[in-house]
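Novice: everything below, folded, please.
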Amino acid sequence: MSDAAVSSQVQTPAQTQRVTAAGVLAILLVGSIYAGYHLVADLSSVPAVAFLPYLLLGVALLIALGFEFVNGFHDTANAVATVIYTHSLPASVAVVWSGIFNLIGVLVSSGAVAFGIISLLPVELILNVGSSAGFAMVFALLIAAIIWNLGTWYFGLPNSSSHTLVGSIIGVGLMNSWLSPVSGTAGVDWAQVAGVGRALGFSPVVGFLASALLLLLAKALIRLPKLYTAPESSAPPPWWIRGLLVLTCTGVSFAHGSNDGQKGMGLIMLILIGTVPTAYALNRAVGPDRVPVFVGASARAEDIFSSHAGAASPTDPRAVLSDTLRTRTVQPAEMGALAVLAKDISAEIVRYGSIGKVPAAQVGNVRNDMYLLSENINFLKRTNSADLSGAEWQDLGLYKEQIDNATKFIPPWVKVSVAIALGLGTMIGWKRIVVTVGEKIGKSHLTYGQGAAAELVAMTTIGLADAYGLPVSTTHVLSSGVAGTMAANGSGLQWATIRNLIMAWVLTLPASIALSGLLYWVFRHLF
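Specialist: Numbers count the residues shown, from 1 in each chain. All right, here's what the predicted structure looks like:
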């Protein structure tokens, strides 16, 4: 197809573009005022600190939001490709519509994916995120992810931002273990990486097969030739087809926002904890009314740990628990260390009356103790390393929930900031990826049925992944879904594009690992 023909697919009237621009500016202004006001309000309650932490905070927040912006126009363009190429919506309307539902998806997200991504990072960097190594980590993995995403976007390749971010985290972990050797693979939690890798690797297969099967099933049950033929002109399809395609576009956009938006949130929380721990290390919204519940759950957990502690007595419980997470091996004094830490945390909360009243000097210590407890409980359960009854695991689950409420939280203004960055990215840089998905995967024009099948599968897959706290790739699921429908329809595939997509997929991990590892080395020396 000629360049002129490509452009004609995505052009919209000037009046529509002006209205769109006005709407985007209004959303940007309102959201920025809201986020800025609450950030300033939070910082005003913090004791005065030096200028440098605030400077680092500002730069790090801009880079994190820049990652989400690039994520928006790189990944979310997949969601609008089908409605644009079936003429269901004008391009500018489609990207604004998608951007809005990305924004809504971010705002209602649970946060499970955000902290799942954080758990891949080296434990010593999470515990000392405010150190020079902690800042080097955040800058390295975000900048590496942005560089790779921009490179693949420039060549119109639908690459996965999730895949890139995981590779960047691995690169930082490997370089950290090399620079600060503690034990073999201390910098990388390979079990966690394997779980995320399975989700990222399995989802494209699901997208391809499920989309192909859904299209074949639709052909067998819904015998409407119009649904399976390419658009004959630029006129929109019948209202019911148009409604179906807009609905699936909406679902994919919402699911993408609720899943991918969380990755930026988790990294922003690390930045906030590192620069202004007094304001963000603990959830000060957990008030005095929750103290009795916390103390009761803590007492039960302490009893469980003590009853399984045995003869081993820890001299430094924090070092014991850190070693467990760092070496992925349960230490002999594990249960005793957990009992001591649970008792200490409960005593601190009772002493001050609530989490919100913990003094500034103690906030970082209490947060790190809670993090160690929560992650060790999670490790014991995941590896089945503790001989506990079902009732005991249930009680520890309730205790862990209380701890996580205090440490794993996302302020509303962070969600708003990420939502705006992701939504704006969707509205601005979508065209290159849209052209690839709409024209360069199959040998024939995308039909209404193909677009609906691919997006319905993508919407469902990403939604389920979000419910289970798994990061998956909108790009991989949807582009493989389009390929599956082309294969099922007998339309044929453009193997040059498929080869490039596979090459980008294969190269993403090693490229992002190398980039982030190199940047981490540079930033460690600079800081």
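Novice: state which helix of the chain is the longest.
Specialist: Under DSSP state H, the helix in the chain containing the largest number of residues is helix 239-275.
Novice: now it: buried residues?
Specialist: Of all the residues in helix 239-275, those buried under the rule 16 or more other C-beta atoms under 10 Å are 241-242, 244-246, 248-275. In this view, the C-beta of every residue, glycine as well, is placed from N, C-alpha and C.
Novice: so where's the stretch 201-350 of the chain shaky on pLDDT?
Specialist: Under the criterion pLDDT under 70, the flagged ranges of the stretch 201-350 of the chain are 233, 312.
Novice: where do the strands sit along it?
Specialist: Remark: no strands are assigned in the stretch 201-350 of the chain by DSSP state E, counting those that start in this stretch.
Novice: quick check, Gly451 in a helix?
Specialist: Yes: under DSSP: H, G, I helix; E, B strand; the rest coil, Gly451 falls within a helix.
Novice: surely it and Thr86 touch.
Specialist: Yes: using C-beta atoms under 8 Å, Gly451 is in contact with Thr86, at 5.3 Å.
Novice: between these two, which contacts overlap?
Specialist: Taking C-beta atoms under 8 Å, 6 or more residues apart in numbering as the criterion, Gly451 and Thr86 both touch Leu245.
Novice: the two: which is more packed in?
Specialist: Gly451 (28 against 25; other C-beta atoms under 10 Å).
Novice: element containing the residue lying closest to the more buried one once chain neighbours are set aside, please.
Specialist: In this structure, Gly451 finds its nearest non-sequential neighbour in Thr82, 3.2 Å apart by C-beta to C-beta, 6 or more residues apart in numbering. Per DSSP states H and E: Thr82 is located in helix 77-85.
Novice: can you show me the CA trace of that helix as PDB?
Specialist: Extracted in PDB, the C-alpha atoms of helix 77-85 (Å, rounded to 0.1, in the frame of the first residue of the first chain):
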ATOM      1  CA  ALA A  77      -1.900   1.800  19.700                       C
ATOM      2  CA  ASN A  78      -2.700  -1.800  19.300                       C
ATOM      3  CA  ALA A  79      -6.100  -1.200  20.900                       C
ATOM      4  CA  VAL A  80      -7.100   1.400  18.300                       C
ATOM      5  CA  ALA A  81      -5.800  -0.300  15.200                       C
ATOM      6  CA  THR A  82      -8.900  -2.400  14.600                       C
ATOM      7  CA  VAL A  83     -11.400   0.400  15.000                       C
ATOM      8  CA  ILE A  84      -9.400   2.700  12.700                       C
ATOM      9  CA  TYR A  85      -8.800   0.100  10.000                       C
END
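Novice: helix or strand next in line after it, which one?
Specialist: Next along the chain after helix 77-85, taking DSSP H and E as the criterion, comes helix 91-107.
Novice: what comes up buried for stretch 213-233?
Specialist: Buried residues in stretch 213-233, counting neighbours by 16+ other C-beta under 10 Å, are found at 214-215, 218-219, 227-228, 231.
Novice: check stretch 54-70 too.
Specialist: Quick answer for stretch 54-70 (16+ other C-beta under 10 Å): 56-57, 60-61, 63-70.
Novice: redo those residues as CSV? Include secondary structure, distance to Thr447 and pLDDT.
Specialist: Formatted as CSV, the buried residues of stretch 54-70 follow (DSSP: H, G, I helix; E, B strand; the rest coil; distance: C-beta to C-beta, whole Å; pLDDT from 0 to 100):
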residue, secondary structure, distance to Thr447, pLDDT
Leu56, helix, 51, 80
Leu57, helix, 49, 84
Ala60, helix, 45, 85
Leu61, helix, 43, 89
Ile63, helix, 41, 89
Ala64, helix, 39, 88
Leu65, helix, 37, 89
Gly66, helix, 37, 88
Phe67, helix, 35, 86
Glu68, helix, 33, 85
Phe69, helix, 32, 86
Val70, helix, 31, 82
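Novice: closest to Ser298 out of those?
Specialist: Nearest to Ser298 out of the buried residues of stretch 54-70 is Leu57 (C-beta to C-beta; 32.6 Å).
Novice: contacts only, for that closest one.
Specialist: 271-272, 275-276 are the contacts of Leu57 under C-beta under 8 Å, 6+ apart.
Novice: again with Thr426
Specialist: 72-73, 76-77, 79-80, 95, 98-99, 102, 253.
Novice: that one and Phe69, how far apart?
Specialist: The gap separating Thr426 from Phe69 is 9 Å, by C-beta to C-beta, to the nearest Å.
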